[in-house]
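*Asks:* Give me the fold of what follows.
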Amino acid sequence: MLGRTKRLRHNKDFIRVFKHGKRHFHSGVLLSFRVNHEKCSRIGFIVGKKHSLLAVNRNRQRRILQSVMTELYPQIKPGFDIIISYTNRDKVLTYKEAYEILVTMLHDISLLSN
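*Replies:* Next comes the predicted model:
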């Protein structure tokens with residue numbers, strides 16, 4: 001799990017990223033990002049009720065996305081606020097699918113250091 005300093009936790013930070021950030025969409029995952037001028041990147045997750053009415057499915061999807069980003073975090077360039085939102089109603093992504101989608105998206109927008 002990501003530490004406190006590596007997560008977006010306040011509503012004003014989410015609003016700032018949505019209002020002034022850029023977006024990238026791929027396979028039901030929306031990634032919004034913005035430069036934050038800090039020493040580390042911060043990541044937030046959104047899986048809304050539009051995804052599933054069952055909290056069990058929403059929490060499972062959020063935990064899978066968090067696990068993938070915990071593994072990828074050392075490769076992410078510092079100084080960004082990132083929000084990952086899952087919007088596909090049809091299914092819950094597996095770890096492998098989520099990993100492939102997020103790596104592709106982060107490479108496309110040049111947030112990975114490799």
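*Asks:* Please, which helix or strand holds the most centrally placed residue in the chain?
*Replies:* Geometric centre of the chain, nearest residue: residue 84, 2.5 Å, by Cα atoms, centre = their mean. Using DSSP states H and E, residue 84 falls within strand 80-86.
*Asks:* Mind listing the strands that strand pairs with, and their directions?
*Replies:* For strand 80-86, the paired strands and their directions (DSSP bridges) read strand 29-35 (antiparallel), strand 42-47 (parallel).
*Asks:* Does the residue nearest to the centre of the chain touch residue 33 like I think?
*Replies:* No - using Cβ atoms under 8 Å, residue 84 is not in contact with residue 33, being 9.5 Å away. (Glycine included, C-beta is placed from N, CA and C.)
*Asks:* So residue 15, which state does it fall into?
*Replies:* helix (DSSP: H, G, I helix; E, B strand; the rest coil).
*Asks:* which residues are contacting the helix ranked longest in the chain?
*Replies:* Determined from DSSP state H, the single longest helix within the chain is helix 55-72. Helix 55-72 is contacted from outside by 1-2, 43, 45, 47-49, 51-52, 84, 86, 92-95, 98-99, 102-103, 106, 112, using Cβ atoms under 8 Å, 6 or more residues apart in numbering.
*Asks:* What of stretch 97-114?
*Replies:* Outside stretch 97-114, the residues touching it (Cβ under 8 Å, 6+ apart) are 22, 24, 26-27, 29, 31, 33, 64-65, 68-69, 71-72, 75-77, 80, 82, 84, 93.
*Asks:* what about burial for the residues you listed, which qualify?
*Replies:* Among the contacts of stretch 97-114, those classed as buried by 16 or more other Cβ atoms under 10 Å are 29, 31, 33, 64-65, 68-69, 72, 76, 80, 82, 84, 93.
*Asks:* How far off centre is the longest helix of the chain?
*Replies:* 9 Å (Cα atoms, centre = their mean, to the nearest Å).
*Asks:* Thanks again, I'm all set now.
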